[in-house]
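Student: Got a predicted structure here, sequence first:
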Amino acid sequence: MSIHAHKTGINKTTGQQSDAIYSTSLTGNWIPGTGVNTHFWDNQVGSGKNIRRINTVATGSSPSHWIFSGTNDYFGAASTSYGGDPFGVNTGSAFTLAQWFKNDSGVVHVAFSLVYSSSNIMKLIISQSGGTANKARLTVGSETPVEFDYTFADDTWYYISLVYAGSNVWSFFVNGSFVGSSTISTSGVNPAELQIGRDAGTSTYSGGTIKIGHVHVYSAALKNSQLRQNFLASHVINNTRVYGATYTA
Amino acid sequence: MNYVIIETKYLEYVDFSTLEEDSPETLRYSLNGEKFFVKYGGEQPDFIFNITQDAVGLPEHSHQEILQILSGPEWQTQD
């Protein structure tokens, strides 16, 4: 007697490697080393707008990633001759911001900053001055900041996601797993300029040892299963593939 | 890469074709707006000598030195 099991079925039940990121409502998909990476970073979404590479964020290789200098480089609004029309996020509706980054213990990383107005900034910062080292802190405008209860390890890559579900509800995920949520009052705008590596509200920049990889933006609130799919699509545990446990870039 | 701090009143002297920065909008300014810094490879760009009106130029900083300066209260909000 023999037992036949369909290969795909086994893979499904044991957890298969995802081959592609979740694509519905995807408005921004930036991959280091893919497309134009000179004066701007090429959005891989068809007709998607770009983000500008400001003051020459350094490139890393094997495989490609970005490295901040800690002085004045970051990704921000594209403009004429620097990527065209600027990329924006409709913060009046649900949205999701996600990225791979490599934590360096205690070093500041401005993961995301959205400019609602010059005096109203949303920012998610790791190891922010005044906060706890190796934790993420969310500030929306002048509201009291919220720190999420997850401690990032030193010298390790993470896929972090900030989800705004509407109705002032914000949630934070690490590697596709829910960490926490909070209600923070906000008045959205369309579009809000996206910056990475710089807090548009203060003179805080990501530290000189911080690295970033793929960045994803959605005009919808992704669920943990969808974020987990993105995590798996670019990650293999105990492998040297991008962002794996032994990946040393 | 080398770094030089310049008073904002000399902004019009800056030749961005010699710098990593490409416009006044992408410069990083001190919190009071009175200074900014520029970064470049190699020797100090000629426009700096036009600012100082001498052959000495401005004090030049390494990456580590400028990071130390930028972490101070003149350049970064202290929580």
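Tutor: All right, it came through fine.
Student: Pull up the residues of chain B that are close to chain A.
Tutor: Residues of chain B lying near chain A by Cβ under 8 Å from any Cβ of the partner chain: B:1, B:3, B:20-22, B:26-31, B:37, B:39, B:63, B:66-67, B:70, B:75-79. Any C-beta I mention is one placed from the backbone N, CA and C, and that applies to glycine too.
Student: switch to 7 Å and redo it
Tutor: B:20-21, B:26, B:28, B:31, B:39, B:66-67, B:70, B:75-79 (Cβ under 7 Å from any Cβ of the partner chain).
Student: Return the closest of the residues you listed with respect to A:Y218.
Tutor: B:T26 (28.0 Å; Cβ to Cβ).
Student: quick one: pLDDT of the residue of chain A at minimum distance from chain B?
Tutor: Taking Cβ to the nearest Cβ, chain B has its nearest neighbour within chain A at A:G130, 2.6 Å off. The model reports A:G130 with a pLDDT of 90.
Student: Bridge partners for the residue most central in space within chain B, pull those for me.
Tutor: With distances taken as Cα atoms, centre = their mean, B:F37 lies nearest the centre of chain B, 2.1 Å away. B:F37 forms beta bridges with B:I5, B:R28, as assigned by DSSP bridges.
Student: pretty sure it contacts B:V4?
Tutor: Yes - contact criterion Cβ atoms under 7 Å: B:F37 and B:V4 qualify, at 6.4 Å.
Student: Now the residue of chain A closest to chain B: phi and psi?
Tutor: The phi/psi pair for A:G130 (degrees, to the nearest 10) reads phi 90, psi -10.
Student: Distance of it relative to B:Y29?
Tutor: 22 Å (Cβ to Cβ, to the nearest Å).
Student: can you pull out the helices in the chain?
Tutor: All of this is about chain A. Secondary structure of chain A (DSSP state H): helices at A:7-14, A:224-233.
Student: my bad, chain B
Tutor: When assigned using DSSP H, the helices of chain B occupy the ranges B:46-52, B:63-70.
Student: now the longest one, how far from the centre of its chain.
Tutor: Distance, stretch centre to chain centre, for helix B:63-70: 12 Å (Cα atoms, centre = their mean, to the nearest Å).
Student: And for that helix, what's in contact with it?
Tutor: A:70-71, A:208, B:1, B:3, B:37, B:61, B:75-76 (Cβ atoms under 7 Å, 6 or more residues apart in numbering or on different chains).
Student: make it 8 Å
Tutor: Residues from elsewhere that reach helix B:63-70 (Cβ atoms under 8 Å, 6 or more residues apart in numbering or on different chains): A:69-71, A:208, B:1, B:3, B:5, B:28, B:37, B:39, B:61, B:75-76.
Student: can you redo those residues as JSON lines with pLDDT?
Tutor: Output for the contacts of helix B:63-70, formatted as JSON lines (pLDDT from 0 to 100):
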{"residue": "A:S69", "pLDDT": "94"}
{"residue": "A:G70", "pLDDT": "95"}
{"residue": "A:T71", "pLDDT": "96"}
{"residue": "A:G208", "pLDDT": "92"}
{"residue": "B:M1", "pLDDT": "92"}
{"residue": "B:Y3", "pLDDT": "98"}
{"residue": "B:I5", "pLDDT": "98"}
{"residue": "B:R28", "pLDDT": "96"}
{"residue": "B:F37", "pLDDT": "98"}
{"residue": "B:K39", "pLDDT": "96"}
{"residue": "B:H61", "pLDDT": "98"}
{"residue": "B:W75", "pLDDT": "93"}
{"residue": "B:Q76", "pLDDT": "86"}
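Student: wait, isn't A:H65 in contact with A:G213?
Tutor: Yes - applying Cβ atoms under 8 Å, one finds A:H65 in contact with A:G213, separated by 5.0 Å.
Student: and for those two, which residues touch both?
Tutor: A:32, A:102.
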